[in-house]
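Q: A predicted structure for the sequence below; I have some questions about it.
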Amino acid sequence: MTINRKYMVFASLIFVGALTSLITGCAYQPRRPARSCQDCHRKEVNKFEEAGNIHAPVEKGNCDACHERHGLVGSLRLKAKEPDLCYTCHEDVKNKFERKYKHGTLDKCSSCHNPHSSNNKFLLIDSGDSLCYKCHAKKGFRKKKVHEALSGGCLTCHDPHSSDNKDILVEKKELLCSTCHDLKDVSFKEKHSGYPVAGSDCNRCHAPHSSSNEKLLKEHVHPPFGSGSCNICHDDPKSADPLKLKTAGNELCYGCHKNLEKNVKYVHSPLKKGCTSCHDPHTSNNKYQLITSDKKLCYSCHSSLKNKFKEESIHAPVKSGDCTSCHSPHSSNNKYQLLKPGNSLCYSCHDKFKKKFIHLPVAYMDCTVCHSPHASKNPDLLLKKTVPLCYSCHTPFKGSSIHTAVRKGECLKCHDPHESDYSKQLRLSKDKLCFSCHNFKDKYKGEFVHAPVEAGKCLNCHKPHSSNVKDQLIAPVKKLCVSCHGDIQKKAREKTSGHQPVIKGECTSCHSPHAGKNKMLLVKPLKKLCLGCHKDLEEKLKTGVVHYPVRNGECLSCHNPHFSDNNNLLVAKGAEVCSLCHGVKSKILTAKHDGIEVLGSNCLECHNPHGSKDRSLTRKVEHLPFKEKKCDSCHKT
């Protein structure tokens with residue numbers, strides 16, 4: 001009890017101490033003052049203060065006006081996106097910036113203004129026109145003749161933010177020019193050949209920024225206009241209606257230009273409406289005084305084709321917008337106003353096909369039989385994928401065995417689609433083409449190669465596309481082999497004995513059809529090949545004495561591999577087979593047979609031709625007198 005009481009007192013003391021500490025810790029503690037942005041970002045602040053113009057919130061150290069506080073860890077974030085953030089202070093200009101035509105950068109004020117400080121007025125990130133040239137290519141503003149207004153800067157004519165006038169001009173076009181030019185002055189009229197042009201759109205003829213031509217005329221000028229001979233097309237400047245054309249419509253143009261509508265089969269529809277459908281009669285920045293660039297001009301009518309021309313494969317002239325590479329913009333005797341008929345147009349850019357064998361569509365038809373003239377989702381502008389396209393003329397290849405290239409739709413692996421020096425537009429000669437994939441000749445070089453393979457006559461046995469026989473053979477093996485190798489199969493059936501694989505037409509059970517390391521194209525060395533079927537014999541030969549030819553794999557010393565007039569495919573009858581190696585008439589052999597001549601005997605009655613327990617190769621079961629060598633019991637000596 002005494003010990004337990006001591007523990008209780010000790011525990012009580014710990015509890016009271018912890019409670020006292022907790023109460024003390026929860027007592028009010030004065031908060032440490034927050035650090036300012038400048039405390040951490042002093043390097044940046046110093047840089048901002050070096051500039052001549054400082055953004056008001058930065059100057060006051062009020063970073064919170066734009067930024068969220070981020071503490072020790074986090075990313076610097078704006079309180080709102082541009083331009084809404086800027087409008088929280090610059091609300092007075094918001095309406096001015098929301099006029100009809102807006103500067104492209106208006107949604108991001110920091111594209112032009114530095115949000116912290118700058119040495120340029122209005123906190124601009126660069127001075128004067130240099131800022132504008134960050135987006136607008138300077139080249140177009142610095143040609144041979146520069147508009148004098150540009151010396152005062154871009155803001156002479158343009159509002160930097162927004163305007164109710166097109167091109168964010170500070171005034172309407174017809175009034176803007178008059179702020180510098182006195183359109184009512186007599187000299188102004190004289191400079192325009194006496195014609196009353198006041199109130200016209202000056203930009204119809206003059207470049208607003210710079211030009212390669214005098215008087216800031218656009219890059220391409222109609223000769224009569226350039227020489228001041230306006231009266232060639234218009235009535236006299238002193239007439240009642242000086243701007244009236246002398247002749248209406250295209251007839252006026254045909255006074256100088258060849259009549260493009262006469263003696264032609266196809267006329268471009270805009271030409272029928274009038275030349276000014278496409279051409280400006282005075283000046284233009286586009287070649288041939290077109291009212292806009294080739295590509296845009298064509299799409300202004302042919303807008304439905306625009307999306308079609310966005311496919312994966314696009315004809316180069318289409319991609320570059322050069323429609324007139326193929327089409328006459330005015331008229332032609334060829335359909336679609338093509339510059340030339342048929343393939344002759346394509347040969348203007350592409351080399352003409354001149355080889356011996358030319359694909360029929362190329363030779364006698366039109367490239368557009370296979371290719372789209374504009375764009376396609378298929379490679380090489382093909383109208384369809386390779387296989388469906390080829391099969392639109394060629395009968396599909398069917399069968400249980402189809403050439404891998406055909407099955408994968410790789411017709412062009414073997415055939416050139418346009419021309420070739422070889423029949424069927426093959427990419428290589430027949431004796432070389434197959435070997436570009438099937439490398440038999442090199443693999444078995446210096447070994448045994450089937451004659452047709454050696455000569456590259458693969459089509460003697462195989463169909464090039466498909467077949468109902470395995471490996472695209474032109475016929476089943478049993479018929480195919482005998483088409484060259486005579487009547488082996490027939491004889492095998494007619495003779496006394498025929499090898500079963502031969503009778504069944506299973507030539508490839510023993511022979512490789514292409515090449516091999518073994519003589520006679522055998523699929524294995526002779527001994528292994530024979531024992532591969534004759535398993536029972538293989539087991540017997542594992543013990544005892546093996547006949548020399550058998551041991552050396554010389555089965556054909558005794559047997560014919562295909563057929564024979566003798567049993568067991570023997571090359572000769574009875575002792576005649578043995579006599580090929582053994583001198584059956586010799587006295588030595590007669591002595592070994594107890595003086596009995598063996599010529600004319602059937603050696604196999606006593607001897608096993610393959611192997612036995614002893615050197616004499618006698619059979620396992622022996623006649624007792626024979627076993628005891630008492631031959632004279634039965635035979636005369």
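A: Thanks, I have it. The model shown is predicted, which means the values in this text are computed figures rather than measured ones.

Q: just the strands in the stretch 101-250 of the chain please.
A: For the stretch 101-250 of the chain, strands defined by DSSP state E, counting those that start in this stretch occupy the ranges 101-102, 117-118, 145-146, 162-163, 210-211, 220-221.

Q: Columns distance to Ile488, mean neighbour count and mean pLDDT on top of those strands, output as a markdown table?
A: Using the backbone N, CA and C atoms, a C-beta is placed for each residue, glycine as well. Below are the strands of the stretch 101-250 of the chain laid out as a markdown table (distance: least, Cβ to Cβ, whole Å; neighbours: other Cβ atoms under 10 Å; pLDDT from 0 to 100):
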| stretch | distance to Ile488 | mean neighbour count | mean pLDDT |
| --- | --- | --- | --- |
| strand 101-102 | 93 | 14 | 94 |
| strand 117-118 | 100 | 20 | 95 |
| strand 145-146 | 96 | 15 | 96 |
| strand 162-163 | 97 | 19 | 94 |
| strand 210-211 | 93 | 19 | 96 |
| strand 220-221 | 85 | 19 | 96 |
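
Q: Mind putting those into TSV with distance to Asn439?
A: Listed next are the strands of the stretch 101-250 of the chain as TSV, based on distance: least, Cβ to Cβ, whole Å:
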stretch	distance to Asn439
strand 101-102	68
strand 117-118	72
strand 145-146	70
strand 162-163	72
strand 210-211	67
strand 220-221	62
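
Q: Need the pLDDT of Lys441.
A: Note on Lys441: pLDDT of 66.

Q: Then Asp322?
A: For Asp322, the predicted pLDDT is 91.

Q: Same question for Asp64.
A: Confidence score, pLDDT, at Asp64: 89.

Q: now do the one 5 residues further on
A: In this model, Arg69 is scored at 82, pLDDT.

Q: What of Thr20?
A: On the pLDDT scale, Thr20 is placed at 53.

Q: again, but for the one 3 residues further on
A: Per-residue confidence at Ile23 stands at 49 (pLDDT).

Q: list the contacts for Pro270?
A: By Cβ atoms under 8 Å, 6 or more residues apart in numbering, Pro270 lies in contact with 277-278, 301.

Q: Quick check: it vs His279, distance?
A: 10 Å (Cβ to Cβ, to the nearest Å).

Q: mind showing which ranges of this protein have poor pLDDT?
A: 1-34, 71-74, 441, 446, 636-637 (pLDDT under 70).

Q: For it, which residue occupies the most central location?
A: With distances taken as Cα atoms, centre = their mean, the chain has Pro379 as the residue nearest its mean C-alpha position (7.2 Å).

Q: How about that one: what's its closest non-neighbour residue?
A: Spatial nearest neighbour of Pro379, excluding adjacent residues (Cβ to Cβ, 6 or more residues apart in numbering): Ser313 at 5.7 Å.

Q: Quick check: phi and psi on that neighbour?
A: phi -110, psi 120 (degrees, to the nearest 10).

Q: Look at it and say how many residues are nearby.
A: Residues near Ser313, counting by other Cβ atoms under 10 Å, number 16.

Q: Quick check: bridge partners of it?
A: Beta bridges link Ser313 to Ser376, judged by DSSP bridges.

Q: That one contacts Ser376, doesn't it?
A: Yes - assessed by Cβ atoms under 8 Å, Ser313 is found in contact with Ser376 at 4.9 Å.

Q: Mind listing the shared neighbours of these two?
A: With Cβ under 8 Å, 6+ apart as the test, Ser313 and Ser376 both reach Leu382.

Q: Please enumerate the strands of the stretch 301-450 of the chain.
A: 313-314, 331-332, 357-358, 375-376, 401-402, 419-420, 448-449.

Q: List of residues touching the fourth one?
A: Right, the one you point to is strand 375-376. With Cβ under 8 Å, 6+ apart, strand 375-376 has contacts from 308-315, 318, 381-383.

Q: Enumerate every residue touching Leu339.
A: Applying Cβ under 8 Å, 6+ apart, the residues contacting Leu339 are 326-328, 332, 345, 348.

Q: switch to 7 Å and redo it
A: Applying Cβ atoms under 7 Å, 6 or more residues apart in numbering, we find Leu339 in contact with 326-328, 332, 345.

Q: Mind picking the one among those that's closest to Cys40?
A: Nearest to Cys40 among those: Cys326, at 65.9 Å, using Cβ to Cβ.
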